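Novice: Structure, please.
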Amino acid sequence: MAFKPEYHLFEAEKKFEQNCVQCPQTTEIIESIVEAKSCGLKYFSALAPDTVVRPHCGPYNLRLRCHLGLVIPNDCGIRVGAETRSWEEGKCLIFDDSFFHESWNRSNRTRIVLLIDFTCITAKIYQFAQLLRTPQRVNPGAESVCAVSRLACILLMKIVFDGKLSMTSKLNLASNPFRNRVLPWTVTTVITIVSVVLLLVIAKSTVQTNAQVQSTQQDIANLQKQSDDLNRHAEAIKAALTPEQQRMLKSAHLLVDRKRFSWSRLFGDLESVMPGNVRVSRIAVKEVRVEDDRPVANLDLIVVSKNPATITEMIQDMERQGIFHAELVSQSLQRGKGESGEEYEMDVRYFPAAGAPIESNRKRPVDTAGEGGRRR
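Specialist: This is a model prediction of the structure:
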């Protein structure tokens, strides 16, 4: 009868009943070893002639794998890590299958081993070896059903070679057992810890940010409520005033705004930017108002100069001071009294600075009354 590549007896605690019936004494021996009964696989493995099993490894290093050589032709072997071994009939070869391993059979015969997984190396393995050393008495009528292949019955009927069963002295073929699993688990553990710490930091930062956002939103809502209340109160007051009272209120505001305006400060600031060969022909205050609790005045300024470049330089100086913003409106010839030069009309916005008027580096007088008039 042909032998299958893998003839399973157990898979962990799962029992292949039909196969175990065919191999009763093998099944009995395996079931007597607790470490083998609940761990991994137990099966007969046949490697066909001229066959290579590519490198592979087990899922973890909590078990050891035992190969009991049953039919071992020449030119077949196994490599675990960097070490190579060959099976021997009647001898156990034990290795850690968490390392990459491969096997081959380059002969013209089938290689057969009994594969058994153990949870660890204990005295039970040697107990198993001791059981194999004792020849088993088999009912002659059961020989035809003991195993699918009579060759496999070597395990049950005669395991003794030269009077004893021998095992390889080096149980683990790997030079550095279990080391190949340390680094991945260490890296995984470190990554997990770092990830947890980062998640905690992010969670804490998110909670703090949300709390700040809620506090800011609450402050904005309170300020908006106060602003709405003030606007409603102002509208109520405005609605309660008669038209005459409203005109009086507007006039009072204008008086207050003009009260804040200082002519002496205006002349002092003009003197700091006005060239000596430019005289003021006319100054008129068109509007005074308050912006950001600071008085602002719109001026109508007319000056006289013989050189247009001087006017351009004056406007630039006014911009640099930051308290005047001048725009040229018109330019015309000076008439009357035989005077020469041209008049320049400008629209000026005046932003008085706090404190004393800005002092001029030029120390030039400003003529505000025309030629022959009083100088300041």
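Novice: what number of residues lie near residue 287?
Specialist: Per other C-beta atoms under 10 Å, the neighbour tally for residue 287 reads 12. C-beta here means a position set from N, CA and C on the backbone, and glycine is covered the same way.
Novice: in what helix or strand does it lie?
Specialist: Element membership for residue 287, per DSSP states H and E: strand 279-291.
Novice: Which helix or strand lies directly C-terminal to that strand?
Specialist: Defined by DSSP H and E, the subsequent element after strand 279-291 is strand 294-305.
Novice: What's the mean pLDDT across the next helix or strand after that following strand?
Specialist: Per DSSP H and E, the first helix or strand lying C-terminal to strand 294-305 is helix 308-321. Taken as a whole, helix 308-321 has a mean pLDDT of 87.
Novice: Next SSE downstream of helix 308-321?
Specialist: Downstream of helix 308-321, the next assigned helix or strand under DSSP H and E is strand 324-333.
Novice: Parallel or antiparallel, which strands does whichever helix or strand comes after that next one pair with?
Specialist: Sequence-wise, the next helix or strand downstream of strand 324-333 (DSSP H and E) is strand 342-350. Taking DSSP bridges as the criterion, strand 342-350 sits next to strand 294-305 (antiparallel), strand 324-333 (antiparallel) in its sheet.
Novice: Can you give the distance from strand 342-350 to the centre of its chain?
Specialist: Chain-centre distance of strand 342-350: 61 Å, with C-alpha atoms, centre = their mean, to the nearest Å.
Novice: thought residue 27 was touching residue 17?
Specialist: No: checked against C-beta atoms under 8 Å, the pair residue 27 and residue 17 is beyond contact range at 9.6 Å.
Novice: So between those two, which is more surrounded?
Specialist: Neighbour count, other C-beta under 10 Å: between residue 27 and residue 17, residue 27 has more, with 19 against 9.
Novice: got the contact list for that one?
Specialist: 9, 20 (C-beta atoms under 8 Å, 6 or more residues apart in numbering).
Novice: Below-threshold pLDDT in the stretch 51-200 of the chain: ranges please.
Specialist: 120-183 (pLDDT under 70).
Novice: so where do the helices sit in it?
Specialist: Along the stretch 51-200 of the chain, counting by DSSP state H, counting those that start in this stretch, helices occupy 123-133, 143-146, 154-157, 182-240.
Novice: Which one of the ones you listed lies nearest to residue 312?
Specialist: helix 182-240 (45.1 Å; C-beta to C-beta).
Novice: quick one: that closest one to chain centroid distance?
Specialist: How far helix 182-240 lies from its chain's middle: 20 Å, per C-alpha atoms, centre = their mean.
Novice: Give me the helices and strands touching that helix, please.
Specialist: With contacts taken as 3 or more C-beta pairs under 8 Å, 6 or more residues apart in numbering; DSSP states H and E, helix 182-240 sits against no other helix or strand.
Novice: in the stretch 251-376 of the chain, which segments are predicted with low confidence?
Specialist: For the stretch 251-376 of the chain, applying pLDDT under 70 flags the ranges 251-261, 334-339, 354-376.
Novice: 90 instead, please
Specialist: Along the stretch 251-376 of the chain, the parts satisfying pLDDT under 90 run over 251-299, 301-343, 349-376.
Novice: Distance check, the residue most central in space within the chain against residue 207.
Specialist: For the chain, residue 198 is the residue whose C-alpha lies nearest the centre (C-alpha atoms, centre = their mean; 9.1 Å). Going from residue 198 to residue 207 by C-beta to C-beta, to the nearest Å gives 15 Å.
Novice: Return the set of residues that bridge with residue 78.
Specialist: Note on residue 78: beta-bridge partners by DSSP bridges are residue 85, residue 103.
Novice: is it true that it touches residue 100?
Specialist: No: with contact defined as C-beta under 8 Å, residue 78 does not reach residue 100; the gap is 11.6 Å.
Novice: For those two, work out which one has more neighbours and name it.
Specialist: Between residue 78 and residue 100, counted using other C-beta under 10 Å, residue 78 has the larger neighbour count: 20 against 16.
Novice: Contact partners for that one?
Specialist: Residue 78 touches 67, 84-87, 93, 95, 101-104, 173, counting by C-beta under 8 Å, 6+ apart.
Novice: next one: residue 324
Specialist: The neighbours of residue 324, taking C-beta under 8 Å, 6+ apart as the test, are 269, 273, 318, 348-351.
Novice: Recalculate using a threshold of 6 Å.
Specialist: 318, 348, 350 (C-beta atoms under 6 Å, 6 or more residues apart in numbering).
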